[in-house]
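[1] need coordinates for the following:
(chains A and B)
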Amino acid sequence: MSSETTNAHADAGHGEHETMTKKRIWRVFWILTAITCVEFTIALLIAPHLRPALHVMVNPIYIVLTLFKAYFIVAFFMHLKFEKVGLALAIIVPILFIIGLILVLTNESHYWIDLRL
Amino acid sequence: MSTAVAQPVDEVKSTPWSGGRSPFDVEYGKMMMWFFLLSDAFTFSTLLISYGALRFSAPTWPAPSLVFQSFPGLIESGAPLVFVGLMTFILIMSSVTMVLAVEAGHRNAKKEVVRWMLFTILGGFMFLGCQALEWTHLHGEGFWWGHVPTKEVMQEFFKAGIPLSQQTMTSHQFANLFFTITGFHGFHVFSGVIINIIITINVLVGTYAKRGSYLMVEKVGLYWHFVDLVWVFVFTFFYLV
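    All right, here's what the predicted structure looks like:
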């Protein structure tokens, strides 16, 4: 067996997996909890008192915070950050189709509302 | 771990893409779990995007802060988001115990794996219990697939001055979408709990200790985190937006 292959085995077995330590797990937990608390603060304390002009800002903020949470779950809990780039791309790039569907249907639904009224 | 077959020394095969070793460097089952989760992400996306499209195209919508303002069994009204906050916390917490089980698996610490897996299963059951309470509460108010509350009850979920026909139409859409999407998610949680139980039994009888690797815990962990991930989106789009 070549030394290269042996190294690859050793890496797969130990090196990469040890990047997710207990300390790191709890740090991600606190980040997720903190983001959720921020969402609650906005929903319960800030949003009800905003002027309508500023109120349109609220939903995009929720979506950005949600995407942050999604990133932390996928990258650290699901370990994707520590996998090979090829695997990460194979999972993330097809998500572009979902973005496409979102764009098409949000656009379309603005026409539907005219049909309904 | 790696599916690469031992090759004779070959200078040409020096990059991950020129053969000789696995380019993704993950075990087959784990890679298939990722691809399954990708397909499941598409399924949930189509559900959530249809919800978004119907809601965008609706002239009005039942206000989440008015529909979800009870803590079943404790507070009848006036506590928006508190109960779903608890559900979110339970699910994030069970995700943490799951990843701790995976971490213990890497150290081949059987007892720790079992302990964290049991906490994860407990979290799953608690979440399902909360969801049952939430569904019962909404059903008690009159929401169900194809059913909306009476005129008097329904009025409380809308701003003043919205015509009854619009209230009935969007309440129907809300009820169908809410029960379908949270139901599909709850079904995932339920299957996740069942799979977690099976894996825990396997850990207990020493299947993975014999195998020398707790990779199965990692694979079921991926599924469990995905369920948590979907909830993050369901939470935002049903309860916050």
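[2] now the element after the helix or strand hosting B:Leu38, going C-ward?
    With secondary structure defined by DSSP states H and E, B:Leu38 is part of helix B:28-56. Beyond helix B:28-56 in the direction of the C-terminus, DSSP H and E gives the next helix or strand as helix B:64-67.
[3] what residue ranges in chain B score low on pLDDT?
    Chain B contains residues with pLDDT under 70 at B:1-20.
[4] same question, chain A
    Filtered on pLDDT under 70, chain A yields the residue ranges A:1-19, A:117.
[5] switch the cut-off to 80
    A:1-20, A:116-117 (pLDDT under 80).
[6] just the helices in it please.
    Chain-ordered helices for chain A, with DSSP state H as the definition, fall at A:3-10, A:22-41, A:52-55, A:58-72, A:85-92, A:95-116.
[7] and if you look at chain B?
    Applying DSSP H to chain B gives helices spanning B:28-56, B:64-67, B:82-106, B:110-141, B:151-155, B:164-204, B:207-211, B:215-234.
[8] those helices: which one's closest to A:Pro94?
    helix B:28-56 (6.0 Å; C-beta to C-beta). Using the backbone N, CA and C atoms, a C-beta is placed for each residue, glycine as well.
[9] output the contacting helices and strands for the closest one.
    Using 3 or more C-beta pairs under 8 Å, 6 or more residues apart in numbering or on different chains; DSSP states H and E as the contact criterion, the secondary-structure elements in contact with helix B:28-56 are helix A:85-92, helix A:95-116, helix B:164-204, helix B:215-234.
[10] can you list those helices in TSV and add mean neighbour count and distance to B:Thr120?
    Putting those into TSV (neighbours: other C-beta atoms under 10 Å in any protein chain shown; distance: least, C-beta to C-beta, whole Å) gives the following:
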stretch	mean neighbour count	distance to B:Thr120
helix A:85-92	14	23
helix A:95-116	12	26
helix B:164-204	18	6
helix B:215-234	23	7
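[11] any chance of those in TSV, plus distance to B:Gly124?
    Listed next are the helices and strands packed on helix B:28-56 as TSV, based on distance: least, C-beta to C-beta, whole Å:
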stretch	distance to B:Gly124
helix A:85-92	24
helix A:95-116	26
helix B:164-204	4
helix B:215-234	8
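[12] mind checking which of those is nearest A:Tyr62?
    Counting by C-beta to C-beta, and looking across all of the helices and strands packed on helix B:28-56, nearest comes helix B:215-234 at 10.6 Å.
[13] relative to helix B:28-56, how tilted is that closest one?
    Between the direction of helix B:215-234 and that of helix B:28-56, the angle (axes from the mean of the first three to the mean of the last three C-alpha atoms, to 10 degrees) works out to 10 degrees.
[14] now helix B:215-234 and helix B:164-204, what's the angle there?
    Taking the same axes, to 10 degrees, helix B:215-234 and helix B:164-204 form an angle of 170 degrees between their directions.
[15] how about helix B:215-234 as PDB, C-alpha atoms only?
    In PDB, the C-alpha atoms belonging to helix B:215-234 read as follows (Å, rounded to 0.1, in the frame of the first residue of the first chain):
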ATOM      1  CA  LEU B 215     -20.500   5.800  11.700                       C
ATOM      2  CA  MET B 216     -24.200   4.700  11.800                       C
ATOM      3  CA  VAL B 217     -24.700   7.200  14.700                       C
ATOM      4  CA  GLU B 218     -23.200   9.900  12.500                       C
ATOM      5  CA  LYS B 219     -25.600   9.000   9.600                       C
ATOM      6  CA  VAL B 220     -28.700   9.000  11.700                       C
ATOM      7  CA  GLY B 221     -27.300  12.200  13.200                       C
ATOM      8  CA  LEU B 222     -27.400  13.800   9.800                       C
ATOM      9  CA  TYR B 223     -31.000  13.000   9.400                       C
ATOM     10  CA  TRP B 224     -31.800  14.300  12.800                       C
ATOM     11  CA  HIS B 225     -30.000  17.600  12.200                       C
ATOM     12  CA  PHE B 226     -31.900  17.900   8.900                       C
ATOM     13  CA  VAL B 227     -35.200  17.700  10.800                       C
ATOM     14  CA  ASP B 228     -34.000  20.500  13.000                       C
ATOM     15  CA  LEU B 229     -32.900  22.500  10.000                       C
ATOM     16  CA  VAL B 230     -36.400  22.200   8.400                       C
ATOM     17  CA  TRP B 231     -38.000  23.300  11.700                       C
ATOM     18  CA  VAL B 232     -35.900  26.500  11.600                       C
ATOM     19  CA  PHE B 233     -37.500  27.400   8.300                       C
ATOM     20  CA  VAL B 234     -41.000  26.200   9.300                       C
END
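[16] give the other helices and strands that that helix contacts.
    In this structure, helix B:215-234 makes packing contacts with helix A:58-72, helix B:28-56, helix B:82-106, helix B:110-141, helix B:164-204, helix B:207-211, judged by 3+ C-beta pairs under 8 Å, 6+ apart.
[17] other residues contacting the first one?
    This means helix A:58-72. By C-beta atoms under 8 Å, 6 or more residues apart in numbering or on different chains, the residues outside helix A:58-72 that reach it are A:28, A:31-32, A:35-36, A:38-39, A:42, A:46-47, A:50, B:229, B:232-233, B:236, B:240-241.
[18] what comes up buried for that helix?
    Residues of helix A:58-72 classed as buried by neighbour count (16 or more other C-beta atoms under 10 Å in any protein chain shown): A:58, A:62, A:65-66, A:69-70, A:72.
[19] pipe these into a markdown table and attach distance to B:Thr170 per row.
    Shown next, in a markdown table, are the buried residues of helix A:58-72 (distance: C-beta to C-beta, whole Å):
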| residue | distance to B:Thr170 |
| --- | --- |
| A:Val58 | 20 |
| A:Tyr62 | 20 |
| A:Leu65 | 26 |
| A:Thr66 | 23 |
| A:Lys69 | 28 |
| A:Ala70 | 28 |
| A:Phe72 | 34 |
